[in-house]
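# Take a look and give me a structure for this.
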Amino acid sequence: MQTVQTRLPASYLLKGNAAGARDCSCPCNPCDCNPCECPGASRWPGWRLSLYQLVEGHFERISLYGHEMLLLCLALPQREAEPTSWQEVILCEATANPATVLKLLEGIEEYLEALPAEVQGTVRRPTRRAVYAVPLAYQQEGTTPLLRVDFAPSTARLLRAAEPEPAWTPPAWSYNGPVAPRGPFAWQSPLR
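Numbering: from 1, shown residues only. Sure, this is the predicted structure:
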């Protein structure tokens, strides 16, 4: 008799709120259209981000009750207006526990996306995206949430390299401004 070992998928239920923004020439502030078809919009955004604020739930034995975690998926081009030069990176708060972040990504990385609609289909997403811990702050005061993030690959703490490695290192990037709320989300593991 042959014994086959299989790994059961992780058990999780995570809830939170999503928000986003993109560098666009349209008059929206912030712009989170995807694709942007507003009057005055340029063909190519300069970048696009998706923010995921995990506010409650569990992932296997990791509990988020009473804790909060921010994950940011950031899409950046190597060269402006070139659809194949984009790559996504995942950013988390500098104070986040690296083991917890990487464990969560085992089950939820597939939900994180930021590529602009204008370039989807032209960019090959790596099996696993690079993950960096960076200064990241999110405030939900008033009707427009605010995000502040500083990402410099040369000084950010790399938690996991992309697989396969991209052909270029992402450029330094920072943002201090509004993000558009996208609404709540709930991610649940498939039924066993």
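
# Report the contact partners of Cys33.
Shown in contact with Cys33 (CB atoms under 8 Å, 6 or more residues apart in numbering): 22, 24, 26, 41. The way it works is simple: take the backbone N, C-alpha and C, and place the C-beta from them, glycine included.

# buried stuff in the host helix or strand of Leu147?
Secondary structure assigned from DSSP states H and E places Leu147 in strand 146-151. For strand 146-151, a neighbour-count test (16 or more other CB atoms under 10 Å) marks 146-147, 149-151 as buried.

# now the strands for the chain?
Taking DSSP state E as the criterion, the chain contains strands spanning 12-22, 48-59, 62-63, 69-77, 86-93, 131-134, 136-139, 146-151, 157-160, 173-178, 180-188.

# ok, for Val123, nearest residue in space, not its chain neighbours?
Nearest non-adjacent residue to Val123, counting by CB to CB, 6 or more residues apart in numbering: Trp86, 4.8 Å away.

# residues in contact with that neighbour?
Taking CB under 8 Å, 6+ apart, we find Trp86 in contact with 75-78, 115-116, 119, 123.

# List only those of those flagged as buried.
Buried by 16+ other CB under 10 Å: 75-77, 115-116, 119, 123, out of the contacts of Trp86.

# so can I have a markdown table of those residues showing distance to Gly177 and pLDDT?
Rendered in a markdown table, the data for the buried ones among the contacts of Trp86 read as follows (distance: CB to CB, whole Å; pLDDT from 0 to 100):
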| residue | distance to Gly177 | pLDDT |
| --- | --- | --- |
| Ala75 | 17 | 93 |
| Leu76 | 16 | 91 |
| Pro77 | 19 | 88 |
| Leu115 | 21 | 92 |
| Pro116 | 18 | 91 |
| Val119 | 22 | 84 |
| Val123 | 25 | 81 |
